[in-house]
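S.K.: Show me the folded form of this:
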Amino acid sequence: MRRTQANALLLVAALIWGTAFVAQQTGMRDVGPFMFTGARFLFGVVIVAPLAWWELRRLARTGVCLDARDLAAACLLGAVLFLGAAFQQIGVGGTTVSNAGFLTVLYVPIVPVATALLLRERLHWSVWPASFGCLAGTWMLGGGALSALSVGDLWVIASATFWAAHVMLVGRVAARKGAPIAVAMLQFLVCGLLGLVVGGATEAVSTDALVRALPSITYAGVLSVGLGFTLQVVAQRHTQAADAAILLSCETLFAALAGRFVLGESMSMEQMAGGALIFACVMAVQLLPLLRVRFEASAC
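M.R.: Model prediction:
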């Protein structure tokens, strides 16, 4: 696969993820956030399962198998994923798609800060100004006052902390046996089952409501969870990390565009500036360390 083709796939993945915020919001008209999350991720399991089966068979031929420790780690990932997805889903029901898209990516600067605090790893200098920039952007999204942020905004911000924890954990778990797709399927399964259990216990569910929400659940599950993840895994093997960082971050822009043109949402100039500031800071956190590595490599 050529680099341009891989980049095109990453852009498609970002488009799917960004527009999925619309499906997440419209689906909430008929079902609760936990049931939506559970059904969505179980749909994703169906899409990813054949690839996971192929991956496990390939590893088995080399004598590598997942053990109880791997399964336990995948269950932990699934629980963290469930918290991130469920909190985001609750938030999407109480804010705009545009805000949800921009606030979700706050996990990007949270990851290096948490890594430095918990694992004592050295931070790149760009993290601190980018983190403060994200705070300023959030303040602007709230119309110039953090107190003006909606309850939905706060739920999405809370979800970003779990997305950050998930990012910190998933790489280590997937790398243990070199089975990223199988690990993804297992965590999707755990997340989906948790959603159905919690939703069944706390939310009013009817067959008619599920049928009405089915198009939204299908889009968010089959395309966002199943296809989007698969495109990312395939494409990132054939392109540069800097390209992937830029293209996948476009998810936030696609979310804002989808909110505007599909749902008729509007943003003030201050809110648009806040979203742009968050996007710029997210890009800086991802790209500046890569540029430093590339510079050092060329100097050797």
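S.K.: need the strands for the stretch 51-200 of the chain, in chain order.
M.R.: Ranges of strands within the stretch 51-200 of the chain: none, based on DSSP state E, counting those that start in this stretch.
S.K.: What ranges does it have for its helices?
M.R.: 68-92, 97-104, 107-119, 127-141, 151-177, 180-202 (DSSP state H, counting those that start in this stretch).
S.K.: Most tightly packed of those?
M.R.: Neighbour counts (mean count of other CB atoms under 10 Å) averaged over each of these peak at helix 97-104, with a mean of 28. (Glycine included, C-beta is placed from N, CA and C.)
S.K.: Let me see the mean pLDDT of that helix.
M.R.: Mean per-residue pLDDT for helix 97-104: 86.
S.K.: what do you get for stretch 270-284?
M.R.: The average pLDDT within stretch 270-284 is 82.
S.K.: Can you give the distance from it to the centre of its chain?
M.R.: 18 Å (CA atoms, centre = their mean, to the nearest Å).
S.K.: So which bits of it are buried?
M.R.: Of all the residues in stretch 270-284, those buried under the rule 16 or more other CB atoms under 10 Å are 271-272, 274-279, 281-284.
S.K.: outside of that stretch, which residues touch it?
M.R.: With contact meaning CB atoms under 8 Å, 6 or more residues apart in numbering, stretch 270-284 is reached by 98-99, 102-103, 105-106, 108-109, 126, 129-131, 133-134, 136-144, 245-246, 249, 252-253, 256, 267.
S.K.: Alpha carbons of it, in CSV - could you do that?
M.R.: The C-alpha trace of stretch 270-284 is given here as CSV (Å, rounded to 0.1, in the frame of the first residue of the first chain):
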residue,chain,number,x,y,z
GLU,A,270,-15.5,32.9,20.4
GLN,A,271,-16.5,29.3,20.4
MET,A,272,-15.0,28.7,17.0
ALA,A,273,-11.8,30.3,18.2
GLY,A,274,-11.8,28.1,21.2
GLY,A,275,-12.2,25.0,19.1
ALA,A,276,-9.4,26.1,16.8
LEU,A,277,-7.2,26.7,19.8
ILE,A,278,-7.8,23.2,21.2
PHE,A,279,-7.2,21.7,17.7
ALA,A,280,-3.9,23.6,17.4
CYS,A,281,-2.7,22.5,20.8
VAL,A,282,-3.6,18.9,20.1
MET,A,283,-1.6,19.0,16.9
ALA,A,284,1.3,20.6,18.7
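S.K.: going forward, begin numbering at 22 instead of 1
M.R.: Got it, the first residue is 22 from now on, which makes the last one we talked about stretch 291-305.
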